[in-house]
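K.L.:
Based on what follows, work out the 3D shape:
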Amino acid sequence: MKKTYYILLLPILFITLTSCKSRTQKMHEFANAFNQTASMSPTQSGSHAEVEGLDIIKLDLATALDINDPSSSSTSSFLEKSLPGMFQNDETMMDLINEAVKFKVNITDINGRIITTLMIDKSYLDKQNKSSFKSPTSNDPITMALDALNSNLPMNNADGTRLMKIEKLGSNTLEYTMEVPNDVKDIISSPNAVPLVKESIIQDPSTKATILRMRGLGIQKVNYKLVDTEGKKLTTIEFNASDF
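P.N.:
Presented below is the predicted three-dimensional model:
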């Protein structure tokens, strides 16, 4: 669950689309610009846009997930909930959606296999996101993506933990606030437990791939702040990019 938020940290595409251009022209310009950006960024490797028909853009969003990993389904579900905020924060996407363009979004795993597909259009955004969307508090693309993510939290994980909040600290650090169940609170609070938990996270292939890709966005540190069910801090586990 804590692995793949990098997919929502897409840079803003600065494209000037004037009213004299046809919808088809705008669709192709978006796809070309998206693919050019993806080809130059290690964090978007495998992501691809393609125009399909008169009113559909297929958008493949690559993640570091493995479709055979039991956690991939819950993580992709979390990403689905966060996509409306990503679209609302992108002027070019919204311009196309307001002209009745639909985005066929495929969330794919590390080998390009489709985990889930959804169709995003104006009616979908109105239904899923209108009541919960908040205006971005920053022009920073990472902060904008985190605003969208946090609007859908907390999120329950299969292991009993809950992701409560994600924050950007300074210019190069992300901090995840994780709530742990009471039955493991005393274990987590033990100093001897921290190295074991840290090593377990480091050895996870999907987490390792995600952290390495985040380096391309300038993220050099990731903290996991563990709290109990009352919000009291138990411990913080810190990672540097060099740990991976």
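K.L.:
From the contact counts, what lies against the helix or strand hosting K104?
P.N.:
If you go by DSSP states H and E, K104 is part of strand 102-108. The elements that strand 102-108 packs onto, with contact taken as 3 or more Cβ pairs under 8 Å, 6 or more residues apart in numbering; DSSP states H and E, are strand 56-62, helix 72-88, helix 91-97, strand 114-120. In this view, the C-beta of every residue, glycine as well, is placed from N, C-alpha and C.
K.L.:
Next up, the contacts around the residue nearest to S189 when sequence neighbours are not counted.
P.N.:
Once flanking residues are discounted, S189 sits nearest to L234: 5.2 Å by Cβ to Cβ, 6 or more residues apart in numbering. Applying Cβ atoms under 8 Å, 6 or more residues apart in numbering to L234 gives the contacts 180, 185, 188-189, 226-228.
K.L.:
Mind checking which of the residues you listed are buried?
P.N.:
Listed as buried from the contacts of L234 are 180, 185, 188, 226-228; burial here means 16 or more other Cβ atoms under 10 Å.
K.L.:
number of nearby residues for K58?
P.N.:
By the criterion of other Cβ atoms under 10 Å, K58 has 17 neighbours.
K.L.:
who's in contact with it?
P.N.:
By Cβ under 8 Å, 6+ apart, K58 lies in contact with 49-52, 103-104, 106.
K.L.:
Could you rerun that using 6 Å?
P.N.:
Residues in contact with K58 (Cβ atoms under 6 Å, 6 or more residues apart in numbering) are 50, 52, 104.
K.L.:
Make a markdown table out of the helices and strands packed on strand 102-108 and add mean pLDDT and distance to D147.
P.N.:
Output for these, formatted as a markdown table (pLDDT from 0 to 100; distance: least, Cβ to Cβ, whole Å):
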| stretch | mean pLDDT | distance to D147 |
| --- | --- | --- |
| strand 56-62 | 92 | 18 |
| helix 72-88 | 72 | 7 |
| helix 91-97 | 90 | 16 |
| strand 114-120 | 90 | 18 |
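K.L.:
Nearest to A158, out of these?
P.N.:
Ranking these by proximity to A158 (Cβ to Cβ) places helix 72-88 first, at 6.3 Å.
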